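> I would like the atomic coordinates for the input below:
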Amino acid sequence: MCGTQTLQCNLSRTSMRQRHTPDDSEEAQPHWITKVVLPERSEAAPRPSPAVGYAILAGSLLFLLGASYAVFFSAFLPRTGIWVLDVLAEDRHYKYLVITLVPTSTWFVIANWVGWQYYRNS
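Sure thing, here's the model as predicted:
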């Protein structure tokens, strides 16, 4: 079949080689995940209560509503008479600073964590 086209025949044979699997005589090396040492965690370790999760959700929602009012809605709505909301509505600079600190701080924390992981695993 590969008479005059021996080069093409050899190339097609080498590209169709099977993946090497260890025989019974060869001992397979353990996969890298089996070498990972995980910290011990007892089942008796305290888990956060659902109230903590609800508190985080409530705080996030309050921040979202306050920031939305400060940035978007305060320009279109009349003064409310509530001192904190009126100060946010009249401010032209710092209300944006507080909102920009959230993604900036998040980015810094993530970058710091990644750097620490590189340091620990090098």
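
> got any ranges where this protein has weak pLDDT?
1-34, 38, 41, 44 (pLDDT under 70).

> helices of that one, start to end?
6-15, 50-71, 83-90, 94-120 (DSSP state H).

> tell me the most buried of those helices?
Among the helices of the chain, ranked by average contacts under mean count of other Cβ atoms under 10 Å, first place goes to helix 83-90 (a mean of 14). For every residue, glycine as well, the C-beta is placed using N, CA and C.

> now the angle from that helix to helix 50-71?
Going by axes from the mean of the first three to the mean of the last three Cα atoms, to 10 degrees, helix 83-90 is angled at 50 degrees with respect to helix 50-71.

> alpha carbons of helix 83-90, as PDB, please.
Extracted as PDB, the C-alpha positions of helix 83-90 are listed here (Å, rounded to 0.1, in the frame of the first residue of the first chain):
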ATOM      1  CA  TRP A  83     -29.600  64.700  56.700                       C
ATOM      2  CA  VAL A  84     -27.400  61.800  55.300                       C
ATOM      3  CA  LEU A  85     -29.200  61.500  52.000                       C
ATOM      4  CA  ASP A  86     -29.100  65.300  51.500                       C
ATOM      5  CA  VAL A  87     -25.400  65.400  52.200                       C
ATOM      6  CA  LEU A  88     -24.900  62.600  49.600                       C
ATOM      7  CA  ALA A  89     -27.100  64.500  47.100                       C
ATOM      8  CA  GLU A  90     -25.100  67.800  47.500                       C
END
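
> with that, I have no additional questions.
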